Every structure is written in C-alpha cells, then in structure tokens.
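In: What would the 3D arrangement of this be:
(3 chains, ligands or ions: 3)
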Amino acid sequence: MSRIVACYKWVAEEADIRINADLSVDLSKAKGKISDYDRNAIEAAVQAAEALGGKAVSLTFGTQKAKASLKDVLSRGPEEGCWVNGEEADNADSSVTARALAAAIKKIEDVSLIICAEGASDTYARQIGPRIGAILNLPVITSVAKMTFVGETLQAVRKLDDCLQTVEVELPAVVAVLPEINSAPIPGLKAVMAAGKKPVTEYKSADLGVDLTPKTQVTAFKGYVMQRKNIILSGDVGENVAALVAALRKEGVL
Amino acid sequence: MSDKFDAIIIGAGPAGSACAYTLAKAGKEVALIERGDTPGSKNVTGGRFYTYALEMLDEKLCEEAALERPVTHEQFMMLGGERSITIDYHDPSFHTPESVPMSYTILRARFDEWLAQKAEENGALLACGIKVDDLLEENGKIVGIVAGEDEMYADVVVAADGVNSFMGQKAGLIKDLDAHTVGVGVKEVIELSPDVIEARFCLRSGQGAARMILGCTEGIHGGGFLYTNQESISLGCVFMPDQVAQYKKSVHEIYQNMKMHPSIYSLIEGGKTIEYGAHLVSEAGYRGIPSRLHREGFLMAGDAAGLVMNTGYSIRGIDLAMVSGIAAAKAIIRAAHPYEAGPLYMKELENTGLIPSMKKMDGFFDILETPWIYDRVPNLATGVFSDLFSVHGQVPQSIKNSVLQRIKENRLSLWQLAKLGLKGVKSL
Amino acid sequence: MSGIFIYSERLDIASELITFAREAGKPAVLLALSADAAQSAKNLGADKVYYLKGESPLAESYALAVAQLLQKQGSELFAVGATASGRDLAARTAGYLDCAMVSDVLSVSCADGQIQTERMMYGGAVLQRETLSGLSVITVPPGKFESSPPGLAEVEVVEVSSDPRVRLVETAPIVRQGTDLSKAERVVCIGLGMEKKEDMKIALELAEVLGAELGCSRGIAEERHWLPVEQYIGISGAIVKPQLYISMGISGQVQHTVGIRDARLIVAIDLNDKAPIFKAADYGIVGDMNQVVPMLTEAIKKMG
Ligand SMILES: Cc1cc2nc3c(=O)[nH]c(=O)nc-3n(C[C@H](O)[C@H](O)[C@H](O)COP(=O)(O)OP(=O)(O)OC[C@H]3O[C@@H](n4cnc5c(N)ncnc54)[C@H](O)[C@@H]3O)c2cc1C
Ligand SMILES: Cc1cc2nc3c(=O)[nH]c(=O)nc-3n(C[C@H](O)[C@H](O)[C@H](O)COP(=O)(O)OP(=O)(O)OC[C@H]3O[C@@H](n4cnc5c(N)ncnc54)[C@H](O)[C@@H]3O)c2cc1C
Ligand SMILES: Nc1ncnc2c1ncn2[C@@H]1O[C@H](COP(=O)(O)O)[C@@H](O)[C@H]1O
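Out: Ligands and ions are numbered 1, 2, ... in the order given. Below you'll find the model as predicted:
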C-alpha cells in the first residue's frame, strides 16, 4: 500500500517565549506544539491517503522533546509515526533538516506523496518541501490550496501572489500546502485513545548516514520588544471611550 | 482496542491520576480523560502538598516527584492597615535527611503532569484535550461516558472532575452550588531567583516557607496564602463570593490591594508574573460532602466529592484528593461486581481516616463564619503591637488598657472574643 | 561570470537586487527564464543577463539548471525576490546545491566574502543574525534597496533542460481588490473576535469617521474570506506604518503584531484583559467591541 508522508515539526509555543531584559531569549519555559500549519499538512495527508487508498505516515525530525509529539500527531489520523531522534535538530538549519528528513523518507517504503506545510511557525522559512524534492529528485508543488487525485495523477491548485495556477504531476511528488487547504479538526476521544497504540518507528539521527552540520552560522539570536505606553482602561465603557478620545486628541492623531 | 474499560476516570487532577495509577498498577484497563491540553494546565491551587499521600500511592514516588521546596517554615501573617505581624514557626524535624519531608510546595502544572505520566507508565490510557460531556446510563446504572461524538463504556466511571462536579450533577448526586459553601480563589505565580527568595524569607538553600495571611480581604470572609517554590512565589487569596458581590468589589481588585500591602509587596518586588488564575474551592468541610458519593457504576473522588479541609490556617485538598482516588481504585479492584464498588469505597474512606478527620475538623466552619475575624481581629492585634513597640518618651499606657482600648476601637467586646476562644477550643 | 546572481519575476525587486550587488561591489548577474523576461531584464542595469532557455513555463522547474549554472560560473550568492514562486525556485536550487539559504531577509550585507543576514523567527518574536560562507541563497522581500538606474546588459542564451514533470494546466489571474495598506495613515483592524460578517458595519463606520482603511488578521481574510487577502496584516501579510492603528477582536499574536511595529500609536479593543495585544498597545479598552466601537465612533463624530 502506498504511503503518504506528512512532515511536521515540534516547535516551541511562541506565546511562551520569554525575552529577558538583555534581549536574550528564554525558550526553556515554552511548551511544545505541532507547528500550527503542520496540522493542516497532517490532515491533508490523511485525506490524500483516503483518496489514494494509501496509508498516512507522520514524520518528524526532533530532539528527545519531540517524543511528546507522537501521541498528538497520531491522534490526528496518521496510521504510523516516524521520528528521527537527534539533538542536532535543536540547531539544525534548513539544509540539515531537509537532509535528515529525506534520508528518513528513503527508509519508508512505497512513498507516493510527501506533504509539508508551507512554513513552520518558528522558522517560517518555506524551504523544507522544495529542498526535500531536490534531494530526492522528486517533482515539487508549493503553495498548494487544493489537491485532487485521478489515479496516480495529482492535480493541484497553487495560490501564487498574482494568480491561481493549476498544475498536474504524476506521483510520487512533494507538496507544500497552505493552511487554507483544509480545516484541521480537533481530535476526539477515540482518536486520542487509539493514538497510543499506533506503531512508531524511531531512527537515531546518527544512523541516517548524513552530515548534520549546519551550513549557516547563527551569530545572534535576540528577542524583540515593543515599547508602548500600555495604558489599558477597564470598567465603565462610557468613561473609557471619553478618556481614549481625549488621549488620542492629545496625541494629535484625531 | 475494546470499547469497554474496567474504569473510566474523568479528570487528571490528583484524585483522578492517583486512582488511575492504582488501577493500572493492578492490571486494570483504565482510561484517564482530561479536558486540559496537558494535565494541570488549567488547575489552580495554593501550592502545599502533604507527602504522606504520595507514599500511600507508592513508597518510592516522593523521590522523583515534581515537587518544589520542603516546607520548613510555617508562617502566619496578620495585616492591619499598613501594619503587619508575622509569626514564623521553624521546625527542623519537618525536614530531616532520614525521612521524607512532611510537606512540600508544588506547582500544579508540573505536579499534575508528572503524576498523570506516572499513571500512564503503569498502563493507564491518558487522553488529554478531551472534555467529557455526559454520562451514559442504562437501567439506572452508569455504564459509560460521552465526549463529543464518541461514546465509551466501562464497568465503573469515576468522577474526579473537581469542585462543582458537572459529572456529579449529571449523576444526580450533587445539587447546584451554594455560594455560601464555595470560595473563590485567585492565585498568581511570581518568578524570582532562588537567592532572592531565600534572602527574603530567611531560608537556607532548598528550604521553603508556607504562609497563611489574615486581614488581607478587606473584611470579607477569606484569607491569603503564600508559598515559596524553587524559582517563584505562589501568592493568592480565597474569598466567599457572595460577600465580594455585596462589597461591590471585584476579587481581582481586592487581590491587587493585598499585593500592594507594604509587607507583601516587599516580598514580591521585582518579580515577574508568569501565571494568573482563578478557581473555586469548597469551604464547607465535612458538612459539604454530598450525602451520597456513589451510584451503581459511578464513584466521586477528590473535590468532586467535597473532600477539602479548610481550617483557616491551611487548606488541604490535594492530599485528600489522592487518598480518595486511591480508595476508589481499591474499591474497584476488590469489587466482584460493579455494584459493590460504592459501598466498598465508603468503607475505604472510613478506614483511611479521611472522613473521620474531616468530621473532627467540622467545627472550624463555624469559627470561620465569624464575620469580624477577617478585619477587626488583625486590626486589634496589629494595634496592640503598635502600642507595645511605640516609644515616644512619654508615660506609656498600661498594656491592659491599650488592649482594652484597641478592643473598643475595633467595635469588639471581651465577651465576643471569649466566645470565639471557647468555640475554638471546642472544635479542636 | 562570477558575482551575485539575481532572479525575480518581479522587475522592481530584480532592480533592487542589482543595487544590492552594486553596493556589495560585485557584478550583478540577472537570470531570465523566458524570452519575455530576458527582453525586460536586459534594460535593468545588470552587468549580464543569462537567459536559461527550456521547455517549462514554470520558473520553479529550472532549479536544477540554475544550480548547475551557479556552480559553473562560480557565483558567490543567489539572491531571489521573495515571492511565492521565487521562494520555491530558491529553496529548490539550495536543495540541489545542498547549500545555506536564508529566507525573507530583513537585511543583508556582503563583506569579505561573507554574507551577513538578519531575519525574524518565531513569528517576529526573535531576530536571528546569520553568517553564510560559500555559495549561498537568500530571498529578499521588495523595498529593501533602491531601484538601480537602467542600463543595457549583454544577454547570453543558455539552452537548458527544465524539469518536465510538473505540467501547467491553467492560470487564472487573481484580481486585486484590496487597497495598499502600507501607505495608509490610519488603519482600523478587525479580528476573529468579530462574530458575524454583518458586524463589520461597526468597523466600517469607525473607519469612515476616521478616514481609515480597513485591515484584518489572517483568519478574517484567508479562512473567512470577509476581506481580500491584501487586507491582512502581519508576517505573512501587509506591514503597515500608520499614525493610528485601532484593533478590535484581535488577540495580538506576534505574527500579527509584527506587522504594526512601526505604527505611531496602537489602540486595542478586546474582551480579554490578558490578550497579548494590550502589551503591544499604547491605549487599550477592555470590553465588548459591539459596545465600545459604536460609542467611540459617536464620540469622534461629535468632535467634528
Ligand atoms: C486558591 C486555592 C488554593 C488551594 N490551596 C491548596 C493547598 O495549598 N493545598 C491543598 O492541598 N489544596 C489546596 N487547594 C485545594 C486543591 O486545589 C483541590 O482540593 C485539589 O486540586 C482537588 O483535586 P481533584 O483531583 O479532586 O480536582 P482538580 O485538581 O480540580 O482536578 C480536576 C480535573 O478534572 C478535569 N476536568 C473537569 N471536568 C472535566 C470534564 N468534563 N472532562 C474532562 N476533564 C475534566 C479538570 O481539567 C482537572 O484537571 C486550593 C484550592 C484553591 C482554589
Ligand atoms: C507561520 C504563521 C504565520 C502567520 N501569519 C499571520 C499574519 O501575517 N497575520 C495574522 O494576523 N496572523 C498570522 N498568523 C496567525 C496568528 O498566529 C494568529 O492565529 C492570528 O493572528 C489570530 O487572529 P485573531 O487575533 O484575529 O484571532 P484570535 O486569536 O482568535 O483572537 C480573537 C480575539 O477577539 C477577542 N474577542 C472575542 N469577542 C470579542 C468581542 N465581542 N469584543 C472584543 N473582543 C472580542 C478575544 O478575546 C480574542 O482576544 C500566522 C500564524 C503562523 C503559524
Ligand atoms: N524538523 C522537522 N521535522 C519534520 N518536518 C519539518 C521539520 N522542519 C520543517 N518541516 C516541514 O517543513 C515545513 C516547512 O518548514 P520551514 O521550511 O522550516 O518553514 C514545515 O511546516 C514542516 O511541514
């Protein structure tokens, strides 16, 4: 049975990121989550598997922390999970991530389609899908807003800056989907219960036989803080509106 | 996966996780269902935990539990106007190398997640992010639950869903909440470095303080608490909501005023709020326990069963939740048939001493009903101390006179105070 | 020819990237992937134009050919306009070269054979600076450099094979309906807290008395389709710099607020006093927009 691979990244919840006074960034208190748009990629894989009569498989490259993602992702529908476990994921750049994922995909049999999201919520680099395609020498379609399958042919609608483009490709292929492609449902009780029993394959990054040294060198990683007046009014609405109008007038914007 | 479990437990708080842990360890098929994205993510508590309950669950658990600081310093604070009195009771025997410290401060987001994970390691199936909406009933028996589109069956359903148990209401065992017996608590976690915490509370490295605060509620029935965690302070207070409404103030406002009290502010100054939450807490003690805690196929544990002891100097709910969760599990394990579980559970609760302890402490409810202990008593005490410590080079008043005058000033009488004292002695 | 190789189907960005190459003191080599593009590229002021002639009408299908050309010519950097199709071509080229790539740079400089870039991470919460050495790829959004003065360049045609596997079926232009928010002096912005499409009335009325443009968060445009996509503000939408920005029902996630950082005054209206938008605001009112906004509109009207 053909497999549809959904790539997802376990990222830090950006709302939990703390910026210290010296603008250094503290990620230690941030909870993990499946990157927002990857939830749509996972759902797209589940739907594609149904359309193609195949099996959706989830794939992530992450540190030990990503272990917590397995139950979460499998409750969203894929039948098997695959995890490339390596501490290198913490400072991987796009080239390392794409290489690691491509190597893992080679180990999965009968892959007919690889689905990434447009961009991850931390990097939002929008590179991994096309890079995986290049490494595996597979055709790539990015900015996908809609997919339909006729036999082994995928027809995709791409949303580009100034046009909607319809393209066709014979599988296997790599696609990067936009979040608009579907609305990823919140998993129900049975799905969550079933997730714990689905099979998971774990690869150690070192066993993939690829170079895991980043090509870019990060020289600074600094938080951004907006300095604003933060005058917040609560209580009586009439008074607040009057106070606001007075303030805006004083500021010279009215 | 079969669609029927030996037990379904609703809520992965301390009651639910302890119950699931015990059942799973005994080889039962258990589902533990939690509506929060992670266990503890929505839970608000003061933050003191008595370790005996963990040892009851499993002897070695304390060693690896997600705990903060052992409580070596028990403190009591009274606020009156800008003044304050703090009593510090330090007992090294509460924290000796030979034994597990009696109590620890904890942060629920960490503790609950850890405990649920332990239950999971024992084989319980944990499902987070799922809210149970209803119970399934057949022939007068509870046989399962409904969550969204899904139904799931079990021999026994345990409601460990906390105060104001929605499941208890569905099962018809709990009436609507009475605002008179339920307090509302607000709590904040304020981050500070361990050095600063230890310096401000005169603690040695790794020691912890637990403090109850009287006189911080602007006369409303209620009190404050403060616990030192490893890298933060938990500060909050609990009030009776019906009184708050009468005073036309918001709970949030009263809490903010308490925070700004000079003696409190100096403890948290420079800290950063990393968590803020509000939650209900049962205040009624023994008399707040519903008359029935079970039906065929259904048990209630922890806050859902009203198992909270509030003595004014401490709130105990987490340990009781765990003890009752374990009791429920034991009853389910021993029951040859689901209908036996209920009565066996009640027997367990008696045997563990939980219900008897609550009965013993019942008198506190009356003391805490005394309206003037929340402002006039702390004002009186701080006033007397003010007289005691003021030196202006004039002939001082006798202490007796000062006390009498302060009593009068606070619109109290010796008689009232004596009655309170008597009530206190009787209830102890 | 070595130097900085440039590609963008948008001539404005291509021209800006030529300026970047000039500032870096490097030859600017422009790539064109169709006969038309080669024709216009010729006049942009580059030092040289390579026209990669193949079969596919899709720029992305030339990634392998581009990678081979870059290598053969000893290019130092491939700078690509940050459009949907440009990013795709750039990332695929980087994949074939297995080289460093930085997407959507905030700033880029080139000195001593090293490229320094800055970009946003975590939706804008963090700024990351990187150093790239060796042949690398970057994508650059519009407006980072001045356009270069025109000038004629030699065009060299290189016959290449494009990737035939992805076939174009049809193209439907998207009619731009939105306004250019980046130049608006005042912006009234609605978010998912707005319950019904009819409620947009309160925002429109406020916008009218203020003479403001209407903006929104991503979900309003991309999921609910209440406003055109040009109207949403944030890291993947418009970046605005108005004198006054007023939001209603926007929680203020960083991906949105990054788009209003340069606003002079930020006003937020939200039900939830813990909403992060209040941390980003100069003035805020905690309350129901359906109550607050009409009153605000009236109050401003009264001022005349
Ligand atoms: C301000 C405050 C201070 C306190 N201080 C202390 C203290 O210092 N020490 C102490 O021992 N006790 C303290 N308590 C009491 C203590 O917090 C509770 O007694 C204890 O948490 C009870 O545990 P529980 O497991 O019964 O319920 P909870 O901890 O409330 O857990 C119930 C769980 O069920 C989940 N749930 C609810 N409904 C559903 C549903 N329908 N479907 C799925 N899941 C559901 C909830 O999300 C929650 O995780 C305090 C309480 C308050 C409010
Ligand atoms: C890679 C990536 C890129 C993204 N790019 C963008 C982007 O460019 N732009 C963008 O906007 N988002 C972007 N997002 C999405 C972003 O993370 C947020 O999800 C989004 O901005 C939230 O939109 P919102 O504030 O409208 O909705 P919500 O977060 O749902 O907030 C709604 C708010 O309305 C309030 N509310 C509800 N009812 C009322 C009422 N009656 N009166 C007043 N207030 C009310 C609520 O309290 C709440 O605060 C991106 C996300 C990712 C992962
Ligand atoms: N570490 C990773 N593991 C699995 N998939 C990833 C990883 N990093 C990125 N992806 C996938 O590639 C997409 C684009 O990522 P990026 O190019 O970093 O914006 C993501 O949305 C994921 O679908």
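In: How many neighbouring residues does residue B:193 have?
Out: 12 (other Cβ atoms under 10 Å in any protein chain shown). Any C-beta I mention is one placed from the backbone N, CA and C, and that applies to glycine too.
In: And residue B:392, by the same measure?
Out: Neighbour number of residue B:392 under other Cβ under 10 Å is 6.
In: just the one 5 residues further on next, same as before
Out: When neighbours are counted by other Cβ under 10 Å, residue B:397 registers 13.
In: Provide a list of residues in contact with the residue in the stretch 251-400 of chain B that chain A sits nearest to.
Out: Nearest residue of the stretch 251-400 of chain B to chain A: residue B:274, at 7.3 Å (Cβ to the nearest Cβ). By Cβ atoms under 8 Å, 6 or more residues apart in numbering or on different chains, the residues touching residue B:274 are A:29, B:189, B:190, B:191, B:232.
In: These: which two are farthest apart?
Out: Spanning the widest gap among these are A:29 and B:190, at 13.9 Å by Cβ to Cβ.
In: follow-up on the earlier one: doesn't the residue of the stretch 251-400 of chain B closest to chain A belong to a strand?
Out: Yes. Judged by DSSP: H, G, I helix; E, B strand; the rest coil, residue B:274 forms part of a strand.
In: Report the residue ranges of every domain in chain B.
Out: Chain B is divided into the following domains under automatic domain parsing: B:4-68+B:106-177+B:288-352, B:182-282, B:366-427.
In: Mind checking which of residue A:29 and residue B:190 has more residues around it?
Out: residue B:190 (22 against 12).
In: Next, the buried residues of the strand or helix carrying residue B:259.
Out: Assigned by DSSP states H and E, residue B:259 falls within helix B:251-260. Across helix B:251-260, burial judged by 16 or more other Cβ atoms under 10 Å in any protein chain shown covers B:251, B:254, B:255, B:258, B:259.
In: Take those and lay them out in JSON lines including distance to residue A:136 and pLDDT.
Out: Shown next, in JSON lines, are the buried residues of helix B:251-260 (distance: Cβ to Cβ, whole Å; pLDDT from 0 to 100):
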{"residue": "B:251", "distance to residue A:136": "59", "pLDDT": "82"}
{"residue": "B:254", "distance to residue A:136": "63", "pLDDT": "87"}
{"residue": "B:255", "distance to residue A:136": "58", "pLDDT": "91"}
{"residue": "B:258", "distance to residue A:136": "62", "pLDDT": "91"}
{"residue": "B:259", "distance to residue A:136": "58", "pLDDT": "93"}
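In: just curious, which of the residues you listed is nearest to residue B:403?
Out: Using Cβ to Cβ, residue B:258 comes nearest to residue B:403 of the buried residues of helix B:251-260, at 26.5 Å.
In: Look up how far residue B:370 lies from the residue nearest to that closest one when sequence neighbours are not counted.
Out: Once flanking residues are discounted, residue B:258 sits nearest to residue B:216: 4.1 Å by Cβ to Cβ, 6 or more residues apart in numbering or on different chains. Using Cβ to Cβ, to the nearest Å, residue B:216 is found at 17 Å from residue B:370.
In: How about residue B:41?
Out: Residue B:41 is 37 Å from residue B:370, by Cβ to Cβ.
In: Next one, pLDDT for residue A:234 please.
Out: Reported pLDDT at residue A:234 in the predicted model: 88.
In: which one's the longest helix in chain B?
Out: Criterion DSSP state H: the longest helix present in chain B is helix B:318-334.
In: can you pull the contacts of the residue of the stretch 301-428 of chain B found nearest ligand 2?
Out: Of all residues in the stretch 301-428 of chain B, the one sitting closest to ligand 2 is residue B:303 (28.3 Å; Cβ to the nearest ligand atom). For residue B:303, the contacting residues are B:13, B:15, B:162, B:163, B:165, B:281, B:282, B:317, B:321, by Cβ under 8 Å, 6+ apart.
In: Now do the SS call for it.
Out: Looking at residue B:303 with three-state DSSP, the answer is helix.
In: contacting residues for residue B:319?
Out: By Cβ under 8 Å, 6+ apart, residue B:319 lies in contact with B:14, B:49, B:50, B:52, B:53.
In: Kindly apply the preceding question to residue C:207 instead.
Out: C:186, C:188, C:213, C:214.
In: from these, which single one is nearest residue A:184?
Out: In terms of Cβ to Cβ, no member of the contacts of residue C:207 lies closer to residue A:184 than residue C:214, at 28.2 Å.
In: That closest one - that's part of a helix, no?
Out: No. If the criterion is three-state DSSP, then residue C:214 is strand and not within a helix.
In: which secondary element of the chain has the worst mean pLDDT?
Out: I went with chain A, as the question did not name one. strand A:18-19 (a mean of 91; mean pLDDT, DSSP states H and E).
In: switch to chain B, that's the one I care about
Out: Result, chain B / mean pLDDT, DSSP H and E: helix B:364-369, a mean of 73.
In: What is the least confident helix or strand of chain A packed up against?
Out: strand A:25-26 (3 or more Cβ pairs under 8 Å, 6 or more residues apart in numbering or on different chains; DSSP states H and E).
In: quick one: strands adjacent to the helix or strand following the strand it packs on?
Out: Following strand A:25-26 in sequence order, the next helix or strand is strand A:32-34 (DSSP H and E). Sheet pairing for strand A:32-34, assigned by DSSP bridges, gives strand A:10-12 (antiparallel).
In: Is ligand 2 within reach of the strand it pairs with?
Out: No. Strand A:10-12 does not reach ligand 2 (Cβ under 6 Å from any ligand atom); its nearest approach is 9.1 Å.
In: What's the mean pLDDT across that strand?
Out: pLDDT averaged over strand A:10-12 gives 97.
In: Residues in contact with that strand: which ones?
Out: Strand A:10-12 has contacts (Cβ under 8 Å, 6+ apart) with A:27, A:30-35, A:60, A:62, A:65-66, A:68-69, A:120-122, C:122.
In: what about burial for those residues, which qualify?
Out: Of the contacts of strand A:10-12, these count as buried by 16+ other Cβ under 10 Å: A:27, A:30, A:32-35, A:60, A:62, A:66, A:69, A:120-122, C:122.
In: Give the closest residue to the closest residue to chain B within the stretch 201-304 of chain C in space, chain neighbours not counted.
Out: For the stretch 201-304 of chain C and chain B, the shortest gap (Cβ to the nearest Cβ) falls at residue C:274, measuring 7.5 Å. Closest residue in space to residue C:274, ignoring its immediate chain neighbours: residue B:276 at 7.5 Å, by Cβ to Cβ, 6+ apart.
In: that older thread, now, which of the buried residues of helix B:251-260 sits nearest ligand 2?
Out: Using Cβ to the nearest ligand atom, residue B:251 comes nearest to ligand 2 of the buried residues of helix B:251-260, at 19.9 Å.
In: Surely residue A:242 forms part of a helix?
Out: Yes. Remark: residue A:242 belongs to a helix, assigned using three-state DSSP.
In: Domains in chain A, by residue range?
Out: Taken from automatic domain parsing, chain A resolves into A:3-207, A:227-254.
In: any idea which residue sits dead centre in the chain?
Out: No chain in the question, so chain A it is. residue A:38 (3.4 Å; Cα atoms, centre = their mean).
In: please go with chain C instead
Out: Most central in chain C (Cα atoms, centre = their mean) works out to residue C:141, at 4.9 Å.
In: I'd like the distance between it and ligand 1.
Out: 44 Å (Cβ to the nearest ligand atom, to the nearest Å).
In: so that residue touches residue C:107, yeah?
Out: No. Contact criterion Cβ atoms under 8 Å: residue C:141 and residue C:107 do not qualify, at 10.7 Å.
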